[in-house]
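> all I have is the shape, not the residue letters:
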């Protein structure tokens, strides 16, 4: 990752990925970068925090969360809230306008409603088509943990069980990775979480980081003389 | 990761200070280090457990360029500071985080590095942000010389004499760090990976260990340069003078948001300190030893206040207050009635009535000092697992959320955000340097890109949205209609169980002083002699007066 020393003028941890390189990122870096990128793409701060959580959760389980989030943000940026969020109704959650659902918004909303009428613990839910549903898994795991159960996610004749620790079948988990805009059936049943073998975190590609940084940059303010003044030690500090 | 709840003794609870009193910025900005400060916690462990410290590698050439390794070994643990010494031209020396070259760069390695590790680190650590480290590394740091003092000490030692005591006292350090990064920055180990280790469970222990070892390097490099210049004439630094040296630190605006972004940490740091004060105040009497220790601590504080210098218009009167207050305590203690019921509580009440904020917070530190056996266990409660409080409760009813706001954010709801002075500033991140900055809303663009640090205003906006809602409405329904409130709802739910989580002042108000936020954090670190250089950056030193690694012997020190 090393670049020219003269480049190192940014108070940021991930700005120096470039070209076709890839590198391991810490969980902290994934969370921080994805939070900023999601905010830059238009999410509220609270939802952007959920996006950071989701990407980091996936990375810790061997899935390239930042890449999936980037794909989703690229597709979803600029869409109105009403297009992204589900209408909560017993048994069937759709976007009011019939568009594909944002997995971060859907996940957070499922989590918020988990124990309420219309929520997952009161019965199975059929969702409208969901963008990049792999990003939904972290939220389903949280719901499974809170309920002490196992959440089942079904699509196109396949099924994936998710418990408090993660997804229980790597093959189905991997199959879900490539999906987007698929309708889901979600249900929960009692069951104990199992131990999951440690999966190495994937290397994150430089172009993923660069693109997420481009979203993140939208949260920043261009420099002005006023902003430069007094930001720190403006003078030479040789004393 | 563990998330221990501070042990709340029912006997001490009535003596706990109210968050409405404790969490005001003016008081937080008058904070002093205590025996629960993070560097004191680290040193207590190292001394009590008798960690073995050595310097297995010193490969520095006759230009002062090379590397060194400082190793510490405790029960079941081993860490090594890898230090790179550079030859930096004077005109490149800047304390800004955004500088590009330094006199020395460092990383704390998890274990004992091999030559291959050193080679890898040499290709990355000197470049700091432009390099990349791995989960084998726990921190990344750099430091610059105090040019004046460094040159003076090299010159004196090389000529066979000790440096001038007054010169050393005037600066207090040979080098100052300009950044110490931990917690997964630049590829380093995430805190979660190491936080289960007993010696690293407390906050900022790897960062404090890094700085403590850097302090040893700063003296070694100055003695090395003196030997190069003076040959056989050169002598080593007098141990007492050496002890008086700390590591300087320049802290800019970038550190201020930390205490807002980590509310559970701020709560756990503060409640531990407040519980410690409450335990001391709740005691029915005072032992002769405790009284003697209090007098010793007071004498040390008086000397420290005398040596503490600042030219900043905010700190000058505060320092005068502190010196006057400490003299008043000194005059009052000999006649204190230690046989009265709860004499420590009486002393505390006397302090609240007679001392400035600087003096009161200094008195807090003083009364904790003799009571290690009573309070030191609280150090184990100061960490926080922030994931635990991340998941918000969507089933909570709006009426309950409303009650939380009334109870914990009444100070915020009382602020009129239609008045320009109450929204005079905004926090943002600069595109140019990705640094946190503070803008003037009326004069600068960028207010629409405000960072969510204006907690009082966010709470006020949330409260306004609750007006007219049926109290039985679940929070989940509110959030579906108002996704913008998700950040503040999460925070308010957390504050309900963490009463010391919020700074109870308007952080975008016209008269807010960012240095107050920094000093609060730095006092918890264990910093002293705070010297603001503007309203938004501050000089401090760490570890002044503390033992050096080669002075560690088994067994507790006084």
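The structure has been received and is ready for your questions. What you see is a predicted model, and the numbers here were worked out from it, not measured in a lab. Numbers count the residues shown, from 1 in each chain, chains lettered A, B, ... in the order given.

> residue 79 sits in which helix or strand?
If you meant another chain, say so; for now it's chain A. Following DSSP states H and E, there is no helix or strand that holds residue A:79.

> actually, chain B is the one I wanted.
Assigned by DSSP H and E, residue B:79 belongs to strand B:77-85.

> what's in contact with that strand?
For strand B:77-85, contacts defined as CB atoms under 8 Å, 6 or more residues apart in numbering or on different chains pick out B:60, B:64-72, B:103-113, B:117-118, B:121-122, B:125-126, B:138, B:197, B:199, B:206, B:209-210, B:213-214, B:217, B:221. Heads up, the C-betas are built off the backbone N, CA and C, glycines and all.

> show me what secondary structure element comes after that strand.
The C-terminal neighbour of strand B:77-85 among helices and strands, as given by DSSP H and E, is strand B:104-110.

> now for that next one, which elements pack on it?
strand B:77-85, helix B:115-122, strand B:137-145, helix B:205-230 (3 or more CB pairs under 8 Å, 6 or more residues apart in numbering or on different chains; DSSP states H and E).

> show me the contacts for the residue in the stretch 251-400 of chain B that chain A sits nearest to.
At 2.8 Å from chain A, residue B:394 is the closest residue in the stretch 251-400 of chain B, using CB to the nearest CB. Contacts for residue B:394 (CB under 8 Å, 6+ apart) come out as A:111-114, A:116, B:474-476, B:479.

> how much space between it and residue B:479?
Residue B:394 sits 7 Å away from residue B:479, going by CB to CB, to the nearest Å.

> overlap of the contact sets of the two?
Common contacts of residue B:394 and residue B:479 (CB under 8 Å, 6+ apart): residue A:112.

> quick check on the contacts of residue B:394: which are buried?
Buried members of these, counted by 16 or more other CB atoms under 10 Å in any protein chain shown: A:111-114, A:116, B:474-476, B:479.

> would TSV of these with pLDDT and secondary structure be doable?
Rendered in TSV, the data for the buried ones among the contacts of residue B:394 read as follows (pLDDT from 0 to 100; DSSP: H, G, I helix; E, B strand; the rest coil):
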residue	pLDDT	secondary structure
A:111	98	helix
A:112	97	helix
A:113	97	helix
A:114	96	coil
A:116	95	coil
B:474	98	strand
B:475	98	helix
B:476	98	helix
B:479	97	helix
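
> mind listing what's buried in stretch B:168-186?
Those would be B:168, B:171-186, for stretch B:168-186 by 16+ other CB under 10 Å.

> before we move on, what about stretch B:18-34?
For stretch B:18-34, by 16+ other CB under 10 Å, it's B:19, B:22-25, B:27-34.

> now that stretch, how far from the centre of its chain.
Offset of stretch B:18-34 from its chain centre (CA atoms, centre = their mean, to the nearest Å): 14 Å.

> span of it from start to end?
Its first and final residues considered, stretch B:18-34 spans 19 Å by CA to CA, to the nearest Å.

> can you narrow the buried residues of stretch B:168-186 to ones near chain A?
B:171, B:183-186 (CB under 8 Å from any CB of the partner chain).

> which one among those residues gets closest to residue B:461?
Of all these, residue B:183 has the smallest distance to residue B:461: 30.6 Å, by CB to CB.

> confirm the closest one sits in a strand?
No: using DSSP: H, G, I helix; E, B strand; the rest coil, the secondary structure at residue B:183 is coil, not a strand.

> lowest confidence element among the helices and strands of chain A?
Lowest by mean pLDDT, DSSP states H and E among the helices and strands of chain A is helix A:225-228, with a mean of 68.

> so what's residue B:339 closest to, chain neighbours aside?
Nearest residue to residue B:339 in three dimensions, chain neighbours excluded: residue B:285, at 7.5 Å (CB to CB, 6 or more residues apart in numbering or on different chains).

> surely that neighbour meets residue B:345?
No: here residue B:285 lies out of contact with residue B:345, judged by CB atoms under 8 Å, at a distance of 11.2 Å.

> those two: which has the busier surroundings?
residue B:345 (20 against 12; other CB atoms under 10 Å in any protein chain shown).

> from residue B:271, how far out is that one?
To residue B:271, residue B:345 is 19 Å away according to CB to CB.

> give me the below-cutoff pLDDT ranges for the chain.
I'll assume chain A. Applying pLDDT under 70 to chain A flags the ranges A:1-20, A:226-239.

> nope, chain B please
Across chain B, the ranges flagged by pLDDT under 70 are B:1-10, B:93-100, B:554-558.

> where's residue B:478, which helix or strand?
Assigned by DSSP H and E, residue B:478 falls in helix B:475-481.

> give the buried residues for the next helix or strand along the chain from that helix.
Downstream of helix B:475-481, the next assigned helix or strand under DSSP H and E is helix B:486-495. Neighbour-count burial for helix B:486-495, with 16+ other CB under 10 Å as criterion, is recorded at B:486-495.

> tabulate these in CSV, adding columns for distance to chain A.
Shown next, in CSV, are the buried residues of helix B:486-495 (distance: CB to the nearest CB, whole Å):
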residue, distance to chain A
B:486, 2
B:487, 4
B:488, 8
B:489, 7
B:490, 6
B:491, 9
B:492, 11
B:493, 12
B:494, 12
B:495, 15
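
> distance to residue A:225 added to these, as JSON lines?
Compiled in JSON lines, the buried residues of helix B:486-495 are given as follows (distance: CB to CB, whole Å):
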{"residue": "B:486", "distance to residue A:225": "36"}
{"residue": "B:487", "distance to residue A:225": "31"}
{"residue": "B:488", "distance to residue A:225": "33"}
{"residue": "B:489", "distance to residue A:225": "38"}
{"residue": "B:490", "distance to residue A:225": "37"}
{"residue": "B:491", "distance to residue A:225": "34"}
{"residue": "B:492", "distance to residue A:225": "38"}
{"residue": "B:493", "distance to residue A:225": "41"}
{"residue": "B:494", "distance to residue A:225": "39"}
{"residue": "B:495", "distance to residue A:225": "38"}
